[in-house]
Each structure stands twice: as structure tokens, then as C-alpha cells.
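> with the input below, show me the fold.
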Amino acid sequence: RLSRAINHVDDRVPSGHPISQVVFYQSGVGSSNNLYDQIVDGMFTYLCEKVEEAYAFIAQNYHPGDEIFLFGFSRGAYTARMVASFIGKIGILDRTDMDHFADIFIAFQKIGKMDDDDDEKGKPDITKFLARWTAEDSPGKKRASASPNGFSIKCVGVFDTVGSVGLPEELTRRSNRIRTLFGFSDNKLGDHIERAYQALALNERRADFDCAKFEQQESGRRKGQVLKQCWFTGCHSDIGGGYQEHDLADLTLTWMAAHVGDILSLNVEYIASLPDPVALWGEQASHNSAVGIFSLAKTIQRKIPTAPDETTHETIHPSVLEQKLLSEIIPELLENVKKNPGLVAPLLPLEEELKRNWQVIQSKENAQGLQKQGS
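Next up is the predicted model:
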């Protein structure tokens with residue numbers, strides 16, 4: 001829905017010359033109804049293709065001075081972050097160098113898996129192979145012309161990043177490569193990214209869907225990098241969208257739009273038309289994601305913030321405090337907020353407008369109440 005909200009041009013520039021906003025959209029991948037081989041054995045190929053496809057689009061269309069925005073949900077968020085990482089490592093290759101991108105990708109994966117002495121023996125050769133593209137004076141890094149404040153990516157905005165294959169361990173333990181290839185091993189936010197935002201799922205319990213938080217580095221902080229990560233009511237798909245009742249996804253979408261709207265021209269009227277509330281603002285209950293094949297999944301309690309953190313910059317969205325059963329489901333959250341009121345994020349103007357215009361049809365509100373009582 002965010003991709004559909006991006007206007008074709010941004011005509012708000014002082015110069016009076018509209019700036020084109022080119023959108024490249026990749027569809028996600030389903031996993032609940034596929035066979036094991038299609039899911040597990042094909043997932044690495046899928047991610048390779050998605051990353052290469054997205055990076056190739058940027059390489060083919062990039063002109064020095066362009067601003068790069070990367071958005072994604074779930075494994076799409078993982079893909080967006082991988083693309084951002086590659087731009088940080090090798091810059092933006094030109095069309096001819098893209099012939100080598102598959103080999104570059106595989107080389108980085110090999111380095112990431114090197115844990116024992118046998119693997120370490122091959123690392124110098126791989127590093128030497130990559131030096132052509134990773135050197136500070138490489139053509140790709142020169143082409144990715146940084147902004148005056150030293151950023152080559154304008155924004156990375158993600159919804160509940162998961163780095164795992166997203167299947168219960170009971171189904172994936174016979175494939176050793178899954179854990180090494182799909183664990184998001186490096187959460188450090190590159191200092192080449194000007195802004196980063198992430199909406200996080202407060203009620204997701206599946207261990208295989210644990211979130212990958214950004215961690216800001218001192219180098220990024222010194223450059224004025226912005227990082228915000230906000231917790232919302234909901235399971236994984238409540239945050240990114242995927243349910244017929246989408247009150248919770250409307251909150252996260254509006255939060256993201258409110259934070260990037262000053263640097264990306266959005267169709268605010270379209271965003272405002274999306275909500276079809278089934279409950280009062282912030283009161284829709286989280287869906288249960290541990291159903292079907294995922295009922296086998298191990299469960300965890302995600303680590304929520306207890307105090308402001310200058311590394312992860314986590315906050316709680318005020319809509320969370322509207323949950324009627326919050327004191328029973330996550331009692332420690334209320335205690336944390338009481339001790340540290342600054343944990344609660346302020347609503348931005350677009351979010352305040354959404355809240356003012358939030359209208360529930362009475363029959364829908366009653367229907368949800370009846371559903372809760374019968375569940």
C-alpha cells in the first residue's frame with residue numbers, strides 16, 4: 001500500500017522543477033501453504049533473486065544525485081536491508097559491472113559462513129576478489145555520490161524485519177544451511193543511510209519470526225543519522241498488513257508515511273481513505289499468528305524497551321496504551337512506561353489527523369466484541 005501512495009512526481013521543491021519519483025515494487029513470498037522443498041530449499045534462491053533484482057533496478061536507473069529509498073515488510077524488509085548493505089559495501093555498480101553481482105553476492109555469503117579454520121583458509125582469496133568493488137575509490141562507490149552530509153541512501157523504512165526463513169525449527173532443522181544463510185547476523189545500521197525507520201510487532205511470539213532491530217553506530221550518530229523504531233500492537237502480519245481487519249496495519253502505515261512525508265511526496269488522500277475500522281482507535285486486538293503449520297513453532301517474548309536507548313532508539317506507539325487487556329498480556333510494558341514516560345512516541349500531524357477521523361461503524365464494533373467473547 002505504501003508503494004501505491006508514492007506520487008509520480010514531487011512538485012514541492014523550491015526551484016519549481018518537479019522531481020520524478022520512480023517506484024520499483026517486488027511482490028512478497030507466501031509460505032504457509034507450500035511444500036517443504038519449495039519453501040526451504042528454494043528460499044535462498046528466492047532471496048538472491050530478490051536482492052539482485054532490486055539492486056539491478058537501482059544500478060540500471062541511478063543517476064548521480066538521485067535519492068534512494070528502500071521499504072519492505074518481513075522478508076521484504078530483510079531484502080531491503082541487504083540491498084542497503086550492498087550499497088554500503090560496493091556502492092552502485094554500473095551496468096557492465098552488474099555481470100559480476102551474482103559472484104559478489106556469493107562471495108559475501110561465503111565470508112559470512114566462515115566459522116572454522118578450514119573456511120578461514122579461503123578468506124584472503126575471497127577478500128582479494130572483492131577488493132575491486134569494496135575499495136573506497138572503486139567505481140561503484142564513486143558513482144554512489146554521497147549527499148553533502150555523507151549519505152548515499154536517503155531512507156530505509158521497514159515493517160518488522162525477519163531474517164530467518166520464517167518456519168518452525170521442527171521443519172527446518174534437517175537443513176543446516178538455513179540458520180547460517182538466513183539469520184540476520186549484522187544489525188548494525190550503516191552510516192551511509194541518512195534515515196531508518198522500523199515498525200515492530202509487540203504481540204508476535206514465534207521464535208522463528210523474531211525481529212531484527214537496527215543498531216545505530218557512533219559514526220552514523222556523529223553524521224546526524226536519524227533512527228526510529230516503534231512498537232505497535234499486533235503480530236507480524238498485523239504490522240505489515242495481511243488481514244481483512246487491518247486497523248493495526250493502518251496505524252503502522254500512517255506512522256511510516258508521517259515520518260517520510262517531508263522527504264518523499266505521498267498521496268495523503270489515498271492513505272486517509274484506507275482505514276475501515278472494526279474497533280476504536282488503537283483498540284483492535286492482535287491476531288493470533290501461531291495457527292496451522294506455525295502452531296509447531298517455539299515461542300518467545302520479544303525484548304521490549306525498558307528505558308530510552310541511544311543505540312536502538314525504540315519507543316512505544318501511544319495506540320498500544322489503548323489496549324484493554326494490556327495489563328494482562330504485557331504487564332511490564334505499563335510499568336516501563338510509568339517509570340519512563342519518554343518511551344511513548346508523540347503522534348505526528350498525519351497520525352493525529354487519522355485519529356480524529358477514525359470512525360467505527362457500530363455494527364462492526366459490536367461484531368468484534370462478540371467475537372472476543374466467543375473466542
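> and the helices in the stretch 251-375 of the chain, which stretches?
For the stretch 251-375 of the chain, applying DSSP state H, counting those that start in this stretch gives helices covering 268-273, 326-329, 331-339, 349-356, 362-374.
> give me the neighbour count for residue 295.
11 (other CB atoms under 10 Å). Where C-beta positions appear, they are placed from N, C-alpha and C, glycine not excepted.
> before we move on, what about residue 238?
If you count neighbours by other CB under 10 Å, residue 238 ends up with 28.
> ok, it - contacts?
Counting by CB atoms under 8 Å, 6 or more residues apart in numbering, residue 238 touches 201, 203, 232, 248-249, 286-287.
> which of the residues you listed fall within helices?
When DSSP state H defines the helices, the subset of these inside them is 248-249.
> of the contacts of residue 238, just the buried ones, ChimeraX syntax please.
To isolate the buried members of the contacts of residue 238 in ChimeraX, using 16 or more other CB atoms under 10 Å:
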select :201,203,232,248,249,286,287
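> ok, so of the contacts of residue 238, who is nearest residue 15?
Nearest to residue 15 among these: residue 249, at 36.2 Å, using CB to CB.
> isn't residue 284 up against residue 245?
Yes. Applying CB atoms under 8 Å as the test, residue 284 and residue 245 come out as touching, 6.5 Å apart.
> compare the mean pLDDT across the helices of the stretch 251-375 of the chain and name the weakest.
Among the helices of the stretch 251-375 of the chain, helix 362-374 carries the lowest mean pLDDT, a mean of 48.
> list the residue ranges of this structure that fall below the pLDDT cut-off.
Counting by pLDDT under 70, the chain contains low-confidence residues at 28-44, 112-113, 115-121, 146, 163-186, 362-375.
> now the strands for it?
Ranges of strands in the chain, per DSSP state E, are 9-10, 19-20, 69-73, 153-159, 188-189, 193-201, 215-216, 226-232, 314-316.
> reformat those as a markdown table; add distance to residue 130.
A markdown table is the format used below for the strands of the chain (distance: least, CB to CB, whole Å):
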| stretch | distance to residue 130 |
| --- | --- |
| strand 9-10 | 36 |
| strand 19-20 | 33 |
| strand 69-73 | 22 |
| strand 153-159 | 20 |
| strand 188-189 | 19 |
| strand 193-201 | 21 |
| strand 215-216 | 24 |
| strand 226-232 | 28 |
| strand 314-316 | 34 |
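> of all those, which one is nearest residue 358?
Nearest to residue 358 among the strands of the chain is strand 226-232 (15.3 Å), distances taken as CB to CB.
> run the angle between that closest one and helix 247-260 for me.
170 degrees (axes from the mean of the first three to the mean of the last three CA atoms, to 10 degrees).
> which strands or helices does strand 226-232 pack on?
The contact analysis (3 or more CB pairs under 8 Å, 6 or more residues apart in numbering; DSSP states H and E) places strand 226-232 against strand 193-201, helix 247-260, strand 314-316.
> what about the second one, distance to the chain center?
Okay, so that is helix 247-260. The chain centroid and the centroid of helix 247-260 are separated by 13 Å under CA atoms, centre = their mean, to the nearest Å.
> what's it packed up against?
Judged by 3+ CB pairs under 8 Å, 6+ apart, the packing partners of helix 247-260 are helix 2-5, strand 153-159, strand 193-201, strand 226-232, helix 236-240, helix 268-273, helix 349-356.
> out of those, which comes closest to residue 80?
Of all the helices and strands packed on helix 247-260, strand 153-159 sits nearest to residue 80, with 5.9 Å by CB to CB.
> which residues are in contact with the closest one?
Under the contact criterion CB under 8 Å, 6+ apart, strand 153-159 has outside partners 2, 67-74, 77, 80-81, 84, 87-88, 147, 190, 192-199, 239-240, 252, 256, 259-260, 263-264.
> over to stretch 128-138?
Here stretch 128-138 makes contact (CB under 8 Å, 6+ apart) with 89-91, 93, 97, 100, 103-104, 107-108, 140-141.
> stretch 270-286 too?
Stretch 270-286 is contacted from outside by 1, 4-5, 202-203, 233-235, 238, 245-248, 250-251, 253-254, 257, 318-325, 350, 353-355, 357-361, 364-365, 367-368, 372, using CB under 8 Å, 6+ apart.
> please repeat the previous calculation with a cut-off of 6 Å.
5, 203, 233-235, 238, 245, 247-248, 250, 257, 319, 322, 355, 358, 360, 364, 368 (CB atoms under 6 Å, 6 or more residues apart in numbering).
> of those, keep whichever come out buried.
5, 203, 233-235, 238, 245, 247-248, 250, 257, 319, 358, 360, 368.
> can you count the residues close to the closest residue to residue 307 other than its chain neighbours?
Leaving out its chain neighbours, the residue that sits closest to residue 307 by CB to CB, 6 or more residues apart in numbering is residue 340, at 5.0 Å. Residue neighbour count, defined by other CB under 10 Å, stands at 14 for residue 340.
> residue 25 too?
Counted with other CB under 10 Å, residue 25 comes out at 11.
> apart from its neighbours in sequence, what residue is nearest it?
Excluding the flanking residues, the one nearest residue 25 by CB to CB, 6+ apart is residue 3, at 4.6 Å.
> how close does the one you found sit to residue 316?
Counting by CB to CB, to the nearest Å, the separation of residue 3 from residue 316 is 27 Å.
> ok, these two, which is more surrounded?
Using other CB under 10 Å, the more surrounded residue of residue 3 and residue 316 is residue 316, with 23 against 10.
> who does the more buried one form a beta bridge with?
The partner list for residue 316 in beta bridges (DSSP bridges) reads residue 231, residue 344.
> hmm, back to that, in TSV: the helices and strands packed on helix 247-260, plus distance to residue 134.
What follows is those, written out as TSV (distance: least, CB to CB, whole Å):
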stretch	distance to residue 134
helix 2-5	31
strand 153-159	17
strand 193-201	17
strand 226-232	25
helix 236-240	32
helix 268-273	39
helix 349-356	40
